[in-house]
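Trainee: With the input below, show me the fold.
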Amino acid sequence: MNMNAPIALSRPKPDGALARTMQTAKLSSGRKLGFAQFGAKGALPVFYFHGWPGSRLEAGFFEIPGVQMIGVDRPGYGLSDPDQKRRLADWPRDIAELADHLGFDKFAIVGMSGGGPYAAACAHYLKDRVLKTAIIAGLGPPDAPGMGAARVGFLLDVGQRPMTSAVLANVMRSLIRNPAAEKHFHAIRARLPRASRDAEAMTPEFMQMLLTSFREGLRNSAKGSTSDARVYGEPWPFALADIRTPVSVWHGTHDAQVPVSIGRHYAKFIPTARGTFPNSEGHVSIVTNYIEAIIGDLRAP
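Mentor: Modelled structure (predicted):
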């Protein structure tokens, strides 16, 4: 045996699945945009816009054949650099650059909850590239019926007050990142309306995935959530009537987080929209019970 021979080191092999959830693209502005890819690379690309707070990891909650889901962190969330002055109309430019980076000419879009306005913006501004858009239990224009009510109204009000928004967002971040946060999620589940199917949808496994996504979104700061809160309350630079690409609206009648009146507003004023409003479905169950139908509709010719 040659004792002077160089030692052959075994290089660690990266976990391909994990690596695909930790990607970034550098934009022309110099900012980094974080994204995750799930599913077969040759399948229909579907960009997924997460809720508030949330992160790109939401796109991987379900295994859906026939599509590749690309979850994207909005600026200030997860792996994406913050952009404190961003506006709603800036997001489609980021997505267009990311699509170019990934080599996608055409693609579909899903906007969940707080991702709804961003999905609508892409449906309008990227009309030559967006095949179809699905808005699930989405927030809407600030003048939509229900946007000023209860939790949504509180979010919009706080979003227009920068100091208050920053303080509350950082308190939220501390609570979510606390190891005892799981206990609070069980308490939240216990307070869900009995008439809604959300309680059965919020299984311990789903709540853990949601908490993991929240923690990832808030990994560096709460700047993404405060920017979102501000954007949600600002007038939109386009009208729903201007959207010409196909849009499907999915909203449960018993959504206690985002009133179904917002979904009905989308369906009424987007000329190309088709609305589905299942009875008794809530903010979470509309996804867990209808995700296959939602994605199947995006895949259909």
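Trainee: need the contact list for residue 89.
Mentor: 121, 125, 237, 238 (C-beta atoms under 8 Å, 6 or more residues apart in numbering). Using the backbone N, CA and C atoms, a C-beta is placed for each residue, glycine as well.
Trainee: what's the next secondary structure element after the one helix or strand the first one maps to?
Mentor: Taking DSSP states H and E as the definition, residue 121 sits inside helix 116-125. Counting by DSSP H and E, the next helix or strand C-terminal to helix 116-125 is strand 130-136.
Trainee: Was I right to think residue 115 contacts residue 48?
Mentor: Yes - assessed by C-beta atoms under 8 Å, residue 115 is found in contact with residue 48 at 7.5 Å.
Trainee: before we move on, the earlier item: who touches the helix holding residue 121?
Mentor: Contacting residues not belonging to helix 116-125 are listed as 47, 49, 74, 88-89, 91-93, 95, 109-111, 130, 133-141, 231-232, 236, 238, 240, 242-245, 247, 266, 270 [C-beta under 8 Å, 6+ apart].
Trainee: now swap in stretch 192-202 and tell me
Mentor: For stretch 192-202, the external contacting residues (C-beta under 8 Å, 6+ apart) are 185, 188-189, 252, 254-256, 280-285, 287-289.
Trainee: Mark which of the contacts of helix 116-125 are part of strands, please.
Mentor: Among those, DSSP state E puts 47, 49, 109, 110, 111, 130, 133, 134, 135, 136, 247 in strands.
Trainee: from the contacts of residue 89, which would you call buried?
Mentor: Buried members of these, scored by 16 or more other C-beta atoms under 10 Å, are 121, 125.
Trainee: Let's have the contacts of residue 89 in CSV, adding distance to residue 69 and pLDDT.
Mentor: Converted to CSV, these look like this (distance: C-beta to C-beta, whole Å; pLDDT from 0 to 100):
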residue, distance to residue 69, pLDDT
121, 19, 98
125, 21, 98
237, 28, 98
238, 26, 98
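Trainee: Could you export the contacts of residue 89 to a markdown table, including columns for distance to residue 193?
Mentor: Output for these, formatted as a markdown table (distance: C-beta to C-beta, whole Å):
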| residue | distance to residue 193 |
| --- | --- |
| 121 | 31 |
| 125 | 36 |
| 237 | 35 |
| 238 | 34 |
